[in-house]
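Enquirer: predicted model follows, preceded by the sequence.
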Amino acid sequence: VSTDGGGERQQWFALIREPAGGVDPEPTPEDPTPKLTRLRKEFAALGSGGDADGNEWDPFALELIEASSEEDIKRRDLYDGAPLLATIDP
């Protein structure tokens, strides 16, 4: 998901389903940008053969990833819950 962050900035986030409490790997000489490396694999572009599950994404997703720095990527756990409001069909 990408939104206008104001001041000619973009804000984007990606959701990856996995257990809560995970930790990103630390940079190493072999992979100085492990968060970017993971996102590039998870959000493989159309025509690339896809990610490990065969999913392919619009190239714009990878464009957002490539425009980001490793330091700007944050990891947050999200939790699903029951809806707080009931919906009413008209």
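Expert: Received it, and whenever you're ready, just let me know what you need.
Enquirer: so Ile65 touches Arg40, yeah?
Expert: Yes: using C-beta atoms under 8 Å, Ile65 is in contact with Arg40, at 6.2 Å. (Each C-beta comes from the backbone N, C-alpha and C, glycine too.)
Enquirer: those two: which is more packed in?
Expert: The neighbour comparison of Ile65 against Arg40 (other C-beta atoms under 10 Å) goes to Ile65, with 20 against 16.
Enquirer: pLDDT weak spots in this protein?
Expert: Where the chain drops to pLDDT under 70, the residues are 45-50, 86-87, 89-90.
Enquirer: what residues are up against the residue most central in space within it?
Expert: For the chain, the residue nearest the mean C-alpha position is Ala14 (2.6 Å; C-alpha atoms, centre = their mean). Residues near Ala14 by C-beta atoms under 8 Å, 6 or more residues apart in numbering: Val1, Leu39, Glu42, Phe43, Ala61.
Enquirer: how many neighbours does the first one have?
Expert: I take that to be Val1. 9.
Enquirer: mind listing what it touches?
Expert: Trp12, Phe13, Ala14.
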